[in-house]
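Chemist: Please find the sequence and the predicted model below.
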Amino acid sequence: MLYFAYLDEFGHIGPYVARDDPAYNDSPVFGLGGMILPASSVRQFSTWFYQLKCNMLAWEIGQSGQHPATWEKKGSALFTTMNVEKYRQVRTAANRILNKIRACGGHVFYVGLEKNRPVAEFKAQALYLTVLGEAMKRLNQYADQNNADMVIVMDEHQDREAILTRASQAMYGGPSPRRRIIEPPFQVESERYQTCQCADWLCGLVGRVGAYQARPDEWADMAWSQTYFQDRLDAASVRSSIRLQTAAAEVETVEALPAVVDTGLAQPVSDNDDTTA
C-alpha cells in the first residue's frame, strides 16, 4: 500500500503579538496540513476536485483568462468570514471535500503550533523545520499503522535545501528513523497540481480554526470555523492537532535528530509514541 500526503502551510510563519498590533498581526498559529490519499485514489480525487473548482468558481476562472487546470484560488482568500457567511456554496464545498477525502480512503492531516516566542527571539526557519519534523513523525506512524509506505508532496518553498536536509535527518537519523517515508518531500508548483490546490484550501480552513482556538477573544469573527466545520474536520482528520500554549507535551525540536544513518526495517509504532490529539 502506498499513500501520498499533500501538504501546505496554514497560519503564518512570522511572529505574532496581537491582532491589533501594527506589525505582527497575521495569525497566532503556524503549521503544515493537507490530506493523505491512497495512491489508487489520487487521480480520481484530482479530477473530482478540478470539477468542483470549475463549477463553484466558474466566473472567477473566466475572468482570469487562464486555463482552469493552472488557475488557483488560495484557501486564505476563499475561507474569509464574508465568503463563508454569505455564500452557502463555500460551506457546502468544504464539507463535500471532507466527505470525499474519507470516501477515497484518505484523511485530512495537519500539525501546528501556537506561536509564543518574543519577536526578538523568533526564528521562522526553526519553526518551519520543527513543524516539518513533527509532521513527518506522524505521517510515518500513520503509514506504519497501515503497513504502507508514504510519499510527501509539498508546495515549493524558498528554503528548499534546509527542508531536504531536515527531511533526510528525519528519514535516516536519530533513534526512530522515519523508514516508511520513501523519499524526502517533493516540492512542486501548486498551481499545476489539483491535489496541492486542495491541500491549500484545507490549510485555509485549518488556519481559521487554529486562530480561533488560540485567541478566541481576538478572532471572535472566526467563530464560524467551529460552528460549521469543527465536527466534520475532526471526523475526517487523523493524527492531527494544533498545540496551544497550554499544551504540556513537548514537540520534537530541530536539533533532535542527529545525522546518523540507520538502514533497518520499519518497526511497529508503540503506544507511547502516539501523538494523536
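Modeler: Good, I have the coordinates. If you're wondering where the values come from, they're calculated on a predicted model, not measured in any experiment.
Chemist: Might one say that residue 7 is in contact with residue 153?
Modeler: Yes. Residue 7 is within contact range of residue 153, at 7.2 Å (criterion: Cβ atoms under 8 Å). Backbone N, C-alpha and C define where each C-beta goes, glycine included.
Chemist: Give the residue from these two that has the larger number of neighbours.
Modeler: Between residue 7 and residue 153, counted using other Cβ atoms under 10 Å, the more crowded position is residue 7 (29 against 20).
Chemist: In a strand, the more buried one, correct?
Modeler: Yes. Checked against DSSP: H, G, I helix; E, B strand; the rest coil, residue 7 lies within a strand.
Chemist: the helices in the chain, which residues?
Modeler: Assigned by DSSP state H, the helices in the chain fall at 42-56, 58-64, 75-78, 81-86, 88-103, 124-145, 160-172, 194-214, 224, 231-236.
Chemist: Tally up the residues packed near the residue lying closest to residue 230 once chain neighbours are set aside, please.
Modeler: Setting aside the residues directly before and after it, residue 230 is nearest to residue 209 in space (Cβ to Cβ, 6 or more residues apart in numbering), at 6.5 Å. Look at residue 209: counted by other Cβ under 10 Å, it has 23 neighbours.
Chemist: and the angle for the lowest-mean-pLDDT helix or strand in the chain with helix 124-145?
Modeler: When the helices and strands of the chain are scored by mean pLDDT, DSSP states H and E, helix 160-172 comes last with a mean of 88. Calculated by axes from the mean of the first three to the mean of the last three Cα atoms, to 10 degrees, helix 160-172 forms an angle of 40 degrees with helix 124-145.
Chemist: packing partners for helix 160-172?
Modeler: Contacts defined by 3 or more Cβ pairs under 8 Å, 6 or more residues apart in numbering; DSSP states H and E place helix 160-172 against helix 124-145.
Chemist: Just the buried positions in the helix it packs on, please.
Modeler: Residues 127-144 are the ones in helix 124-145 that count as buried (16 or more other Cβ atoms under 10 Å).
Chemist: next one: stretch 53-68
Modeler: Buried residues in stretch 53-68, counting neighbours by 16+ other Cβ under 10 Å, are found at 53, 56, 57, 61, 68.
Chemist: just curious, which of those residues is nearest to residue 200?
Modeler: Among these, residue 53 lies closest to residue 200 (Cβ to Cβ), at 11.3 Å.
Chemist: Quick one: residues contacting that closest one.
Modeler: Each residue near residue 53 by Cβ atoms under 8 Å, 6 or more residues apart in numbering is listed here: 61, 68, 73, 194, 197.
Chemist: Output the below-cut-off pLDDT ranges for the protein.
Modeler: Within the chain, the segments meeting pLDDT under 70 span 246-277.
Chemist: residue nearest the centroid of it?
Modeler: The residue lying closest to the centre of the chain (Cα atoms, centre = their mean) is residue 33, at 0.6 Å.
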